[in-house]
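Enquirer: need a 3D model of the following:
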Amino acid sequence: MIFVFDLDGTICFKGEPLTNDICEALDFCLHQGHEVIFASARPIRDLLPVLPEKYRHFRMVGGNGAFTYKDEEISVHTFKPELVEQIQEIIGENQLTYLIDSDWDYSYTGDVQHPIFRNLDPEKRAVNMELSHLKKIAKCLLFTADESIKKQLESLPLEVCEHGQEGVLDISPSGIHKMEGLRGLGIHPGEFIAFGNDQNDLELFKNAKYSVCVGNHPVHLNANLVVEVECVSAAIRNMSESFKNGLLINS
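Expert: As a prediction, this is how the structure comes out:
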């Protein structure tokens with residue numbers, strides 16, 4: 001069975017690398033014969049540094065589906081040029097700060113004290129450049145929780161996720177979400193177990209054979225099981241063993 005794990009708030013906390021406890025649970029999962037895939041809002045550039053070296057060759061989905069990673073190569077879905085122009089107009093009209101990702105480099109104008117900045121390019125392998133110098137635009141984070149701006153964005157052919165606690169709107173090209181990223185890796189609905197904790201995991205939960213929500217985010221209504229943060233490693237072990245033994249196959 002394939003196990004798909006969101007990172008932040010699911011198995012990775014406060015931007016720190018995976019703990020020994022989580023790694024031991026993932027190793028147990030692997031030893032049961034399952035495959036582990038990571039599916040994060042982070043671009044691949046920022047996803048890799050929180051993983052131990054032994055996991056860095058695994059297949060991955062980044063940028064909520066905008067990036068896929070296989071055989072240590074990155075593929076990327078980008079915004080159409082006309083949509084980039086419309087997003088830039090919204091940014092200019094509302095004087096918004098942002099993090100906008102290309103396939104590897106990025107443009108950041110937000111507060112350097114923001115938690116997102118602390119997790120941005122921790123290995124300093126990319127370049128923060130002017131937005132106009134980015135050749136490809138794959139993902140946008142706008143630092144606002146303004147409902148009118150959200151509605152304006154939702155009127156465009158875009159995927160918009162709101163992360164209320166962080167005060168950001170997370171934007172991807174239309175039809176791009178984590179499930180679409182899995183399809184890009186050749187994985188189809190019903191072929192995986194999903195662990196997640198936020199709105200951007202909704203499509204994973206809808207399409208998973210079995211889903212586990214970490215914490216009490218409203219997305220838990222679409223999950224088969226809800227666990228607290230301190231119980232995540234135990235849940236990984238239990239699910240790994242149960243699906244190996246076929247106990248939940250018809251759940």
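Enquirer: what helices or strands is the helix or strand hosting residue 241 leaning on?
Expert: Here residue 241 sits within helix 232-245, counting by DSSP states H and E. Packed against helix 232-245, as judged by 3 or more C-beta pairs under 8 Å, 6 or more residues apart in numbering; DSSP states H and E, are the following elements: strand 2-5, helix 20-31, strand 192-196, strand 210-214, strand 225-227. (Each C-beta comes from the backbone N, C-alpha and C, glycine too.)
Enquirer: what's the distance between the last one and the middle of its chain?
Expert: Using C-alpha atoms, centre = their mean, to the nearest Å, the distance from the centre of strand 225-227 to the centre of the chain it belongs to is 19 Å.
Enquirer: next, the angle from the helix holding residue 241 to strand 210-214.
Expert: Per axes from the mean of the first three to the mean of the last three C-alpha atoms, to 10 degrees, the angle that helix 232-245 makes with strand 210-214 is 170 degrees.
Enquirer: check which residues of helix 232-245 are buried.
Expert: Of the residues in helix 232-245, 232, 233, 235, 236, 237, 238, 239, 240, 242, 243 count as buried by neighbour count, 16 or more other C-beta atoms under 10 Å.
Enquirer: same thing with stretch 14-30?
Expert: Within stretch 14-30, the residues that count as buried by 16+ other C-beta under 10 Å are 15, 18, 22, 23, 25, 26, 27, 29, 30.
Enquirer: next: stretch 141-154.
Expert: Quick answer for stretch 141-154 (16+ other C-beta under 10 Å): 141, 142, 143, 144, 149, 150, 152, 153.
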